[in-house]
Each structure stands twice: as structure tokens, then as C-alpha cells.
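Engineer: any chance you can model this:
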Amino acid sequence: MQTLILPHKCRGRPEMGSARRKESSQEFLVSEEEIQDELEDSNQTSIKAPDSSKEDGRRRMSTLDLIYLSISMAGSQVAWTVELGYGTPFLLDLGLSEQLTSLVWLAGPISGLIAQPVIGAISDASTSKYRRRYWVVLSTFVLVFSTIMLAYCRDIASVFVDLIGGGAGSWDPKWTKTVQNTAIGLAVVSFYLLDFALNALQASLRNLLLDITPPEQLNDGNAWHSRMINAGNILGFGFGFIPLANMPILRLLGGDQFRKFCVVSMTILVSTVWITCFTQQEHQRQKRVNDRTVTNVRDILGNIYNAVINLPRPIRRVCYVQLFAFMGWFPFLFYATTYVGQVMARELQREPNHDTATRTGAFAMLIHSIVAVIAGTLLPRLTRRDTRLLAHEGDDDQDAELTRLRTTVHEWRAEAARQGRPLRLPLMPFFLRNIWTGALLFFTVLTFSTFFVTKVYQAVIVISLIGVCWAVACWAPFAIIMEFLKEREHEVAGEGEAIAREWARRPSHSRTMSTPAVRPRNSVQGERESLLRRRRSFDEHDAPSPPEAEPAAGGTILGIHNLAIVFPQFIIALVSSAIFRIVDGDLDDPAHESTLYGKNGVAWVLRFGGLCTLFGAAIARMVPPTRTEKEMRRRLAELRVLRDEGMP
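Structural biologist: Predicted coordinates for the structure are as follows:
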């Protein structure tokens, strides 16, 4: 067999040197076939993502840093409960009809379709070190303005009508009617501004998390976002049980419970946003050659369109899962309290007191939020990654990493022998997609259990347990997407470095004919070849992206992901309407005075949602593990091989 002599200083791949190095010189012998195999393998595995902490100078964030970063999510969720918990009663009290009230609620999906992708695209194109916090502050300002206008819409309408001479005075029916119509108009405008501002705020907060959190802590960061969202729900729904109108410090504000809650919620929001913006520092992004200029609406829409067309396959699959998942979530979020009322009516065999039914439903949602916080605290521990399975700074190539792993196993074996116990390797954490799949299946089981629910306490238990699923829904998909985005960003950077290294070393490859030689075959070489083959089997599906691929626009893609969350709301509006017509059609006749007794449509809407999440769980199995999870699994497999080969 022909062999090639490669000077040590010119070798193309370091691992070939360690396999054939001669003790008497710095030359080594490698067969031509092995060189070809190794070079082919380098196309799959030589591109290593640069260490993000080195790349941008980011340090590992402490728990307190993550709390400061996420606390604004709690403030935004408290603000959202103003709309979710008190919006409809307030609009009806102003005199708006139920039909027009339903049109007001279109503000949610419309703002979700527009605000998040647009804000993401604009902030992605910015190179300012305030590119995310600018939108956080601006959204907060609009949110405060719209909420205060909503709280004082009657007073503002009265002053406005007086200024334009809309009537003789408060005793004039014309004046009263004009004030009412003006107040309704102000309230509707306020609700639309509130929805757009809230979507922009939460999108910017998630973009900020993506930008400044180290890749290995994105899972923890999203878990803290989930906890803060549910903590905000607890705080917001808890205000429903506190008589704010009777608190002396709030009496100066005037008005009813709703007005005081608006002011309190905005105080909480401003405080939490200030904490986040003051404690977090963004890094100014360098302008890239392939950056698209954003100067008008057409450029923004073009960027969004390009992002949709070139959406990475793993993220596309996450979006497919979200389409089905939120076809299950929206029925629950819209009708959970109504479901409790219908179960109460069935248990009492009569129409229950409306206030009692509403308070019981609110109590169930409060327990739901508490369970979600607990689950959001415990479940992320199942995915906590053992640092011994993560990449280390010295892992510059395959040989360096294998050498480190071999040394590590020897140290662990020696330590175990000293302590008189068997060698224990690190445990592989649960994959995010597995926990997400389990939560979707659990949601399906709980919604199907409504077939057997006949008591109020049973309904409360079902709604409370769904809090476990909601905690995962607020955490896992966002963590998966952000990890894919970070890995894609570092892959692109790694591809450029790998290509540069390849071109730099090509001219220096000297190939000299030599006589056949006997190649040493020791145990270390055999072990190395076995591990390299195993490594190739793990990486066979991790081929790099095409060279022309561009870094993913994180804010834009998170906005597109939000489209997958919002779009099911339109579908559910049509489907639920059809279900109500089929199940409760006869009872919707105006001659029937009951609003809850004898009706079962909500339960069937919830079951339809459970069927949708079942499809979502099936699609979730097609979401691939992140590269970090794959590499951890590979390293653990290599540690097991090294452990077994070292055993007597």
C-alpha cells in the first residue's frame, strides 16, 4: 500500500498526527485511503461553532441577572390581565353591545399578526446597542398612555364633549348620549393601542433575552420568562379578590375597582421595565455586508417574507406544532371560567348566581396560575445540563476533545476507587421536545376527562392541572427556537472560519512517495478509531448548511413564530361558533333565560382543542434535538465507551 509522508508542521488535520506520530521525529505515516476518509469526514464535523462567550464577551448570567432580565414579563402580564379579566365587563358597562364587543377582541389576533413580526424585523436591522430596549421603552409608554386613557375614558369624554359644545349639561339627554358614545370610542381605541403595545413589548423582551443570554443559558432564561408570566397572572387575578376601591391610598384616584387596578398595574409595569432596562446591557451589532436596508414598509415586509421562505426546517416544525397546540389553548383561555359555570349549573340543576360562578371560575384560574409557577420552577430542572457533558474551551478539534474525555474518565475512575464505589457517569437530561410532547399529551388527557366531570371541584382540579401544560407552553417552544437560532448564528460564523482555514492550509500539503511501512496498531489507536466512527454516526444528520446561508434574524423569526400562535385564534372562532350552534343551538333562543344551565358546548370545544393538541404532540416528535443536546448525547456515549474499555 502506498503511504504519504506529511511534515508535522503542514498536516491538514491534527487528529491524524496524534494517531501516527513517531517518537523519533515529527513526521508520521498515514495511508492515502485514511487521509481521504478523514477529509471527507471533515466536511461533516470540522465546523465547530465558536464559543459564544469568547465571541461577544458575554459572561455567564447569575440567577439574579436572569430575574432582572425576565421581571418585565411579569409586569406585562399584569397589564394583560387588565384586558383579559376586566375588559369585557368594562365595555358592557359602558353600553357597548355584545356583538361589537366581539369585534374589539379582534385586536388581539390582529396586533399579534402585525406587531411582533414588524417590530422584530425593524429591530433586527438596527445596529444600535439600544435596538431592543428602545422598543421596550416605547411600547411601555404607549401601554401606559392607552391604559390610563381607558381608565379615565368617561371623564375624558365629558371634558371633550363640553369643549365642543355637545350638549347643555349633564341633565341633557343629548349630552349624556354624546358622552357615552365618545367614551366607547375612546375605550375601543385604547384597547387596540393596548393590544399592539403589549405584543410589541413582549416581542421585544423575548428578543432581548435572545440577544444577551449565553446560548447555554437560553433554557434557563426562557424558564424564568415562563415563571414571570404566570407570576404576573397570579398577581393580576389576585387583584380581583382585593377591594382596591376601599384602600385609602387609592381613593384619591376616584372611580371604581377597574380604574384603580389600571393605575396599580401600570405602576408595576413601569417599575419592572425600569429594572430590566437599567440592569441589562446590549452589545452593539456590527453591520454585515449582506444586511438588507430597512427604509420603508416594503423593506420590512420583504425581510419578513424572506424569513418565512427561508425558515430553517427545525423552526418550521416548531411552528407547525404551535398551530395545533394553540388550537387547543385558545378554547381553554377563552372559555375556562365559563366551563366552571356550566359545571356548577349542572351540579345545582338550575341557573347559578352569576357573580358566584364568575368568582369560582376566577378562583380556578388563580389556582391554575399557581400550579403553572410551581411546574415552571420544577420542570426545567429535568432539562438542566450537566456541565461535564458540555463543550470545553480546549476542545479545538476531535483529538483534543477525545483526549480530555479519556483523561476525565481516568480521573473519575481513580476518584471512585478511592471512595470505594463504582464509576458513575453523568446523566443525560430530558430533551426539551420530550417534555413538550408530554405536556401536549397531558393536555389532551385532561380535556378528554371533561366527559367524566360532574362536580365543581373536579372542574377546578382539571383547570388547575392544565397549569402544568401551560408552564411548558410558555417555556419549551421558545427555548427550542432560541437555541436553534443561536446555533445557526454560530454555524454561519464557524463556516467562514473553517473555509478560511481550509484555503490557508491547502498549498502547504506536500505529498512524497515512500516505501511501504508497518503501521503501529496499539490500543489507543483502536480506541480512537472506534470513537471517531461513533462520532461520525452521531453527526451524520448534522451536515452544515449551504455556504450561501445567512445568519438568522432572531426577532423576525420569533415574530413569525408568533404568527403560528395567533393564526389558530381565527380558526377557533369559526369552529367554536359551529360547535355552539350544534350543541347549544336550541338553548340560544331568546325565550330561554338561562345562560349556563343546560348548556354543554364549552366542554365540546375544550375536547376539540384536546384533539388538536394530540396532533401537535405527534408533530413535536419530528422536531429534532438541538445541536447542544446531540453533542451532549454523543459525549455521553463516548464516555461510556471509554469507561467500558478501561474496565478489567
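
Engineer: and the pLDDT at Thr356?
Structural biologist: With respect to pLDDT, Thr356 has a value of 81.

Engineer: for the one 5 residues further on, same thing?
Structural biologist: Turning to Gly361, the model gives it a pLDDT of 84.

Engineer: and for Arg58?
Structural biologist: pLDDT, Arg58: 59.

Engineer: ok, now Lys260?
Structural biologist: The model's pLDDT for Lys260 equals 87.

Engineer: distance of the residue nearest to the spatial centre of the chain from Arg643?
Structural biologist: The centre of the chain sits closest to Phe478, judged by CA atoms, centre = their mean, with a distance of 1.6 Å. Between Phe478 and Arg643 the computed distance is 36 Å (CB to CB, to the nearest Å). No exception for glycine: its C-beta is placed from N, CA and C like everyone else's.

Engineer: and if you look at Ser111?
Structural biologist: 55 Å.

Engineer: higher neighbour count, those two?
Structural biologist: In this view Ser111 and Arg643 are compared by other CB atoms under 10 Å, and Ser111 has more residues nearby, 21 against 15.

Engineer: can you map out the strands along the chain?
Structural biologist: 3-7, 27-31, 512-514 (DSSP state E).

Engineer: state the mean pLDDT of the helix ranked longest in the chain.
Structural biologist: In the chain, ranked by residue count with DSSP state H as the criterion, the top helix is helix 173-212. In this model, helix 173-212 carries a mean pLDDT of 89.

Engineer: what residues sit buried inside that helix?
Structural biologist: Buried positions in helix 173-212, judged by neighbour count with 16 or more other CB atoms under 10 Å: 175-176, 178-180, 182-184, 186-188, 190-212.

Engineer: quick one: distance of that helix to the chain centre.
Structural biologist: In terms of CA atoms, centre = their mean, to the nearest Å, the centre of helix 173-212 is set 24 Å apart from its chain centre.

Engineer: ok, stretch 464-484 next?
Structural biologist: With CA atoms, centre = their mean, you get 7 Å for stretch 464-484.

Engineer: what is the end-to-end distance of it?
Structural biologist: 32 Å (CA to CA, to the nearest Å).

Engineer: roughly how far does the nearest residue to Glu487 once chain neighbours are set aside sit from Leu150?
Structural biologist: Spatially, and ignoring its direct neighbours in sequence, Glu487 is nearest to Arg627 (4.6 Å; CB to CB, 6 or more residues apart in numbering). Using CB to CB, Arg627 is found at 46 Å from Leu150.

Engineer: neighbours of the closest residue to Leu323 other than its chain neighbours, just the number please.
Structural biologist: Leaving aside its sequence neighbours, Leu323 sits nearest to Ala564 (CB to CB, 6+ apart; 5.2 Å). Using other CB under 10 Å, Ala564 has 20 neighbouring residues.

Engineer: repeat that for the one 10 residues further on.
Structural biologist: Burial measure for Leu574: 9 neighbouring residues, criterion other CB under 10 Å.

Engineer: next one: Gly585
Structural biologist: 10.

Engineer: Met61 too?
Structural biologist: For Met61, using other CB under 10 Å, the count is 19.

Engineer: that one touches Gln217, doesn't it?
Structural biologist: Yes: the criterion here is CB atoms under 8 Å, and Met61 meets it with Gln217 at 5.7 Å.

Engineer: please enumerate the helices of the stretch 151-300 of the chain.
Structural biologist: Using DSSP state H, counting those that start in this stretch, the helices of the stretch 151-300 of the chain run over residues 153-164, 173-212, 218-238, 257-279, 297-309.

Engineer: quick one: which of these is nearest Asp399?
Structural biologist: Among the helices of the stretch 151-300 of the chain, the nearest to Asp399 by CB to CB is helix 218-238 (29.4 Å).

Engineer: report the buried residues of the closest one.
Structural biologist: Those would be 218-237, for helix 218-238 by 16+ other CB under 10 Å.

Engineer: likewise for stretch 243-250?
Structural biologist: Quick answer for stretch 243-250 (16+ other CB under 10 Å): 244-245, 250.

Engineer: and of those, the nearest to Leu301?
Structural biologist: Among the buried residues of stretch 243-250, and counting by CB to CB, the member closest to Leu301 is Leu244, at 43.5 Å.

Engineer: confidence score at the closest one?
Structural biologist: So, for Leu244, pLDDT stands at 77.

Engineer: surely it meets Cys262?
Structural biologist: No: contact criterion CB under 8 Å: Leu244 and Cys262 do not qualify, at 10.1 Å.

Engineer: quick revisit: who has more neighbours out of Arg627 and Leu150?
Structural biologist: Leu150 (27 against 20).

Engineer: picking up where we left off before, right, and the helices of the stretch 151-300 of the chain - which one's nearest Met73?
Structural biologist: Per CB to CB, nearest to Met73 of the helices of the stretch 151-300 of the chain: helix 218-238, 4.0 Å.

Engineer: which other helices and strands contact that closest one?
Structural biologist: helix 63-94, helix 173-212, helix 354-378, helix 456-473, helix 476-505 (3 or more CB pairs under 8 Å, 6 or more residues apart in numbering; DSSP states H and E).

Engineer: can we see that at 6 Å?
Structural biologist: Applying 3 or more CB pairs under 6 Å, 6 or more residues apart in numbering; DSSP states H and E, one finds that helix 218-238 contacts helix 63-94, helix 354-378, helix 476-505.

Engineer: lowest mean pLDDT across those, which one is that?
Structural biologist: helix 476-505 (a mean of 68).

Engineer: tell me where the model's unsure across this structure.
Structural biologist: Across the chain, residues meeting the criterion (pLDDT under 70) sit at 1-59, 98-99, 102, 166-172, 240-241, 285-296, 393-397, 490-553, 586-595, 646-648.

Engineer: outline the domain layout of it.
Structural biologist: 1-42, 62-281, 313-385+424-503+555-648 (automatic domain parsing).

Engineer: could you dump those into JSON lines with distance to Arg413 added?
Structural biologist: JSON lines is the format used below for the domains of the chain (distance: least, CB to CB, whole Å):
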{"stretch": "domain 1-42", "distance to Arg413": "22"}
{"stretch": "domain 62-281", "distance to Arg413": "27"}
{"stretch": "domain 313-385+424-503+555-648", "distance to Arg413": "6"}
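
Engineer: of all these, which one is nearest Ile300?
Structural biologist: Closest among those, using CB to CB: domain 62-281, at 4.9 Å.

Engineer: which of the helices and strands packed on helix 218-238 is buried the deepest?
Structural biologist: The highest mean neighbour count among these, using mean count of other CB atoms under 10 Å, belongs to helix 63-94: a mean of 21.

Engineer: chain center to that helix: distance?
Structural biologist: That offset, for helix 63-94, works out to 18 Å (CA atoms, centre = their mean).

Engineer: quick one: buried residues of stretch 344-356?
Structural biologist: Neighbour-count burial for stretch 344-356 [16+ other CB under 10 Å]: 344-347, 351-352.

Engineer: which two in these are spaced the farthest apart?
Structural biologist: Glu347 and Glu351 (12.1 Å).

Engineer: please verify my assumption that Leu96 contacts Ile184.
Structural biologist: Yes: Leu96 lies in contact with Ile184 (CB atoms under 6 Å); the separation is 5.4 Å.

Engineer: about what we covered before: reformat the helices and strands packed on helix 218-238 as TSV; add distance to Trp329.
Structural biologist: Putting those into TSV (distance: least, CB to CB, whole Å) gives the following:
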stretch	distance to Trp329
helix 63-94	13
helix 354-378	12
helix 476-505	12
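
Engineer: among those helices, which comes closest to Ala637?
Structural biologist: Nearest to Ala637, of all the helices and strands packed on helix 218-238, is helix 476-505, at 20.0 Å by CB to CB.

Engineer: contacting residues around the nearest residue to Phe443 once chain neighbours are set aside?
Structural biologist: Nearest non-adjacent residue to Phe443, counting by CB to CB, 6+ apart: Cys469, 4.2 Å away. By CB atoms under 6 Å, 6 or more residues apart in numbering, the contact set of Cys469 is 439, 442-443.
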